[in-house]
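1. I would like the atomic coordinates for the input below:
(chains A and B)
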Amino acid sequence: MFSRLVTGAAFTSLIVLAGIAIFLGVQAVSAFQTQGLDFIFSTGWDINTDPPTAGIWGMLYGSVLLAVIGLVIAVPVALMLSIFMVFIAPRKLSSVLTNLIDLLAAIPSVIIGLWAFYILNPPAEQWQQLLNQYLGWIPIFQNTSQNFSGTPFIAGLVLAIMMIPIITSISREVMSRTPPDLVNAAEALGCSLWTMLRYVALPYGRGGIVGGVMLGLGRALGETIAVFFVLKLTFETNWYHIIESGGGSIATLIVSRFGEVSGPEELNLLLAAGFFLFLGTIGVNIVANLIVNRTGRLQK
Amino acid sequence: MSTITYQAPLDPEGVVQTPQRPWRHKPRSFTRAVALAVVIPAVISAALFFFSPIPGAIVLTVIYFPLQMLASGIAAWATRGVRGIADSIIIVNAIGSTVFSVVVLLSLLGSLVVRGLRALSPHFIYQNSVFINPSTPLEYGGIGHALVGTILVVAIASLVAVPIGIATAVYITEVRGKAVPYVRFFVQAMSGVPSVVAGLFILTIAVSTGWFSQNALAGGLAYAILMLPTVARTAEEVLKLIPDELRTGALALGSTRARTVMRVVLPAAKTGIITAILLGIARVIGETAPLLLAAGNNDGTVINPFGQAIASIPVYIFNNVAVPYPDAVARAWGAALALMILIAVLFTLARVLGRGRVGRAK
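-> You can find the predicted model right below:
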C-alpha cells in the first residue's frame, strides 16, 4: 500500500510532462489544421482575418538567435570565471564568489528585466552605437535606422547575464572535481597553468561544461519576462542585424499577446506556439542532463 | 667491490628541466614586474579617459583590456620566459570575467536598494492598490494585496508539490524500485519546463475543462509544476545522507517499511526536508510568467483561492515597470526590493538549516 502510493507519486513528473505534451499538442494540431504548415514556416500575426492567420518562424528563429548571442557572451565569461574560482583565486575569495554567483542565479527574471530596462539599456545603446560606428562594415553590425533600442543584442546580453551563473556553477563543480593527483602531477612535471588547463582540467571537465552550457541554453530559450522588457517584438524575421531594433522570441510572444488576446482562435495559436517552446526547451534540457549525468558517472 | 653510482637518465633532447619551486619566496623583480604590468595600462587608460574625447567604453575594451594583456604578457615573459605568456593572458581574462560578473551583480543589487528604498515604507507593505492609478503619489498604495496573493499561491503550490516531491525522493532512496533511473530522468526533464509553459498548461486545463478560471488555485498549480523538481531533488540528496544503520535497525526491530520511513528516516532528515521546501519556494516565488497567465491580476486583496483573479508581487512589478509615471516605476523598484529581501531570507534560512545537522547519527 505504502510503496504503491509512493510509486504513484514518483510518476507525477512523467504524468505532468505527458499532460503538457498532450494538452499543448492538441492545440498545435488544431493550429496546423487552420494554418497549415505556414504556421511554422511563415511570419506574421494577423488577427483581423477570419480565421486569424499566424506564422511563428520569426519567433522560433529569434529565440535561437537570442540564445546564440547570449551563449557567445556567456560561455567565455563563465568559463574564465570558473577557472578563476577553481585554479587562481585564494580559497576564501573563491567561496565568497561562489555565494555571489548563487545570489545572481537567485534573482528572479522580472527583477533582471526591471534592471535591464532602466540601468542596462542606456549604456548598452551607446555601446551599440559605437559598434555600429566603428564595425558597421561587418554585416551583423549594420543598422540603417540609427535606432538602437529593443535590439537582439541587448536581449542576448540580458540572457547572457542569466546564463552566466548556471554555466559557471556547473563548470566550477566539474573542474573542482579534477583529481588533485592529476593536477599536482601536471604541476610537478613543470606544466604551466595554461598547459595544465589544456591537457588536464578542460579535457576532464569537458562533458560537464558542455552539459552546463546546454542547461544555460535551455534557460535562455524559455526565458520570457526579462526579454519582454528589452526586446522590441517584430514579426518580420530579423536574420542577423543584431543591433537593429526588433527581433523575435517565442516565449515573449506568448506573454505579450496574451494580455490582449482577441478570442479562442488566437489563444489556440498562442498555446500551439507554447507547444514548440516546450519541445525545444525540453529537448535541449534532456540532452544536457544526459551529458552531465554521463560525465558524473565516469568520474565516480 | 664495485659501488653502483646512480646515473641520471639522459633527457632525450638533452634539456634538463629546472624545477620551478613554487614555494620559494617570489623574487623582488617578479613583484616589481607585476606592479608595473598593473599600473602602466591603468595609468595610460585613465589618462585617455579623462583627457581625450574617446568614449569610455572604447577606452575600456579597445585600449585598456588589450594593453593589460600585452603588459602582463611582457611581464610574464620577462620573469618566467615564453611559457608564462599564455598563463598571464588567462589570468587577465579570468580576472576580467570575474570583475564583469561582480560588477553586474553589484549594479543589480545596488540599483535595487537605491531605487527601491524610496518606495519602501510600512504602508507600502500592507496597503493594497484599489484606489491607486499610476500617477498616484507614493504616499498611498502598496503591495499588501500582492503579498497576500503571493503567500496564498505559494501555500497552494507547497501543499501540492511538497508531498509529491518528498514521495518522489522516498521512492528513489527508500523504495528503490526498478523505475528509479526513469523517475530521476523525468524529474530532471521536468526541471527544464519553462515557467511560461507551466502557466500555459494550467491555463489550457482551465479553458478546456472549465473547472476553474484565473485564480490562486491555478497559479498555485502552475507554481507546483516548477517547484516539484527542486523539492524532489533536494530531498533526495538529503535522504541519501541518512545512514543505513537507522533503516536496518528499524527494520530489525520489526517495523514495516512505511513505519521506517515515516517514523525514522523522515524525522532524522527533518531539517534537510525543510531546506528542500525553502529552496523550492525560493525557486518559484519570483516567477512571473505562470502567474501572469494562470492567476491574472487584481488591485484589491483577494482571500478566496477559488474565486477571482489574484494579485502577486512579480505580476505587480511586471505591471509597473514600463509605465511612464515615475511613482509607478518607484513602486516597481520597491516591490522588487521587497521580493529580493524575501528570497534572500529564504535562502539564508535554507543555508543555515542545511548546514551540518542532516542525519544526526553521524
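2. Show me which positions of the top helix by length along chain B end up buried.
-> For chain B, the longest helix by residue count, based on DSSP state H, is helix B:83-116. Buried positions in helix B:83-116, judged by neighbour count with 16 or more other CB atoms under 10 Å in any protein chain shown: B:84-98, B:100-102, B:104-105, B:108-109, B:111-112, B:115-116. C-betas here are computed from N, CA, C, even on glycine.
3. in which helix or strand would I find the residue most central in space within chain B?
-> Nearest to the geometric centre of chain B sits residue B:283, at 7.8 Å (CA atoms, centre = their mean). According to DSSP states H and E, residue B:283 maps onto helix B:270-284.
4. quick check, that helix touching chain A?
-> Yes - against chain A, helix B:270-284 shows contacts by CB under 8 Å from any CB of the partner chain at residue B:282.
5. Quick one: end-to-end distance for stretch A:134-147.
-> Counting by CA to CA, to the nearest Å, you get 16 Å between the two ends of stretch A:134-147.
6. gap between it and the chain center?
-> Mean-position distance between stretch A:134-147 and its chain equals 25 Å (CA atoms, centre = their mean, to the nearest Å).
7. can you check stretch A:165-174 too?
-> Distance, centroid of stretch A:165-174 to centroid of chain: 15 Å (CA atoms, centre = their mean).
8. Which residues does that stretch contact?
-> A:74-75, A:78-79, A:81-82, A:85-86, A:98, A:101-102, A:104-105, A:204-205, A:207-209, A:211-213, A:215-216, A:219, A:292, A:295, A:299, B:101 (CB atoms under 8 Å, 6 or more residues apart in numbering or on different chains).
9. Show me these that map onto helices.
-> Those of the contacts of stretch A:165-174 lying in helices (DSSP H): A:74-75, A:78-79, A:81-82, A:98, A:101-102, A:104-105, A:204-205, A:207-209, A:211-213, A:215-216, A:219, A:292, A:295, A:299, B:101.
10. Filter these down to the buried ones, PyMOL style.
-> Selecting only the buried entries of those in PyMOL, with 16+ other CB under 10 Å as the criterion:
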select buried, (chain A and resi 74+75+78+79+81+82+98+101+104+204+205+207+208+209+211+212+213+215+216+219+292+295) or (chain B and resi 101)
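11. from what I can see the residue nearest to the centre of chain B touches residue B:233, true?
-> No - counting by CB atoms under 8 Å, residue B:233 is not a contact partner of residue B:283; they are 10.7 Å apart.
12. hmm, back to that, quick check: which of the buried residues of helix B:83-116 are also close to chain A?
-> Within the buried residues of helix B:83-116, those near chain A by CB under 8 Å from any CB are B:84, B:86-87, B:90-91, B:93-98, B:100-102, B:104-105, B:108-109, B:111-112, B:115.
13. Poorly predicted segments of chain A, please.
-> A:296-300 (pLDDT under 70).
14. what residue is smack in the middle of it?
-> Most central in chain A (CA atoms, centre = their mean) works out to residue A:220, at 1.4 Å.
15. thought it was touching residue A:163?
-> Yes - counting by CB under 8 Å, residue A:220 touches residue A:163, with 5.7 Å between them.
16. Which residue ranges of the stretch 101-250 of chain A form helices?
-> Using DSSP state H, counting those that start in this stretch, the helices of the stretch 101-250 of chain A run over A:109-115, A:121-135, A:152-176, A:180-188, A:193-196, A:202-222, A:225-230, A:250-258.
17. how many neighbours does residue 52 have?
-> Going with chain A. Look at residue A:52: counted by other CB atoms under 10 Å in any protein chain shown, it has 17 neighbours.
18. that's the other chain; I wanted chain B
-> That count, for residue B:52 with other CB under 10 Å as the rule, works out to 10.
19. cool, and the one 4 residues further on?
-> Residues contacting residue B:56 under the criterion other CB under 10 Å number 14.
20. excluding its backbone neighbours, what's nearest it?
-> residue B:49 (5.8 Å; CB to CB, 6 or more residues apart in numbering or on different chains).
21. ditto for residue A:42
-> Per CB to CB, 6+ apart, closest to residue A:42 is residue A:55, 3.2 Å.
22. What count of nearby residues applies to the one you found?
-> That count, for residue A:55 with other CB under 10 Å as the rule, works out to 22.
23. Show the contacting residues for it.
-> Contacts of residue A:55 by CB under 8 Å, 6+ apart are A:35, A:38, A:39, A:40, A:41, A:42, A:43, A:44, A:45.
24. mind running it again at 10 Å?
-> Shown in contact with residue A:55 (CB atoms under 10 Å, 6 or more residues apart in numbering or on different chains): A:35-46, A:235, A:237, A:269.
25. Likewise for residue B:205?
-> So residue B:205 contacts A:19, A:20, A:23, B:211, B:212, B:218, B:221, B:222, B:294 (CB under 10 Å, 6+ apart).
26. Put together JSON lines for those residues, with neighbour count on each row.
-> JSON lines is the format used below for the contacts of residue B:205 (neighbours: other CB atoms under 10 Å in any protein chain shown):
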{"residue": "A:19", "neighbour count": "15"}
{"residue": "A:20", "neighbour count": "24"}
{"residue": "A:23", "neighbour count": "21"}
{"residue": "B:211", "neighbour count": "10"}
{"residue": "B:212", "neighbour count": "17"}
{"residue": "B:218", "neighbour count": "29"}
{"residue": "B:221", "neighbour count": "25"}
{"residue": "B:222", "neighbour count": "32"}
{"residue": "B:294", "neighbour count": "29"}
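27. Stretch B:225-239 and chain A in contact?
-> Yes - applying CB under 10 Å from any CB of the partner chain, one finds stretch B:225-239 in contact with chain A at B:225, B:228, B:229, B:232.
28. so what's the closest residue to residue B:307 other than its chain neighbours up against?
-> Among residues not flanking residue B:307 along the chain, residue B:215 sits closest, at 5.9 Å (CB to CB, 6+ apart). By CB under 10 Å, 6+ apart, the contact list for residue B:215 reads B:149, B:152-153, B:156, B:206, B:294-296, B:298, B:302, B:304-310.
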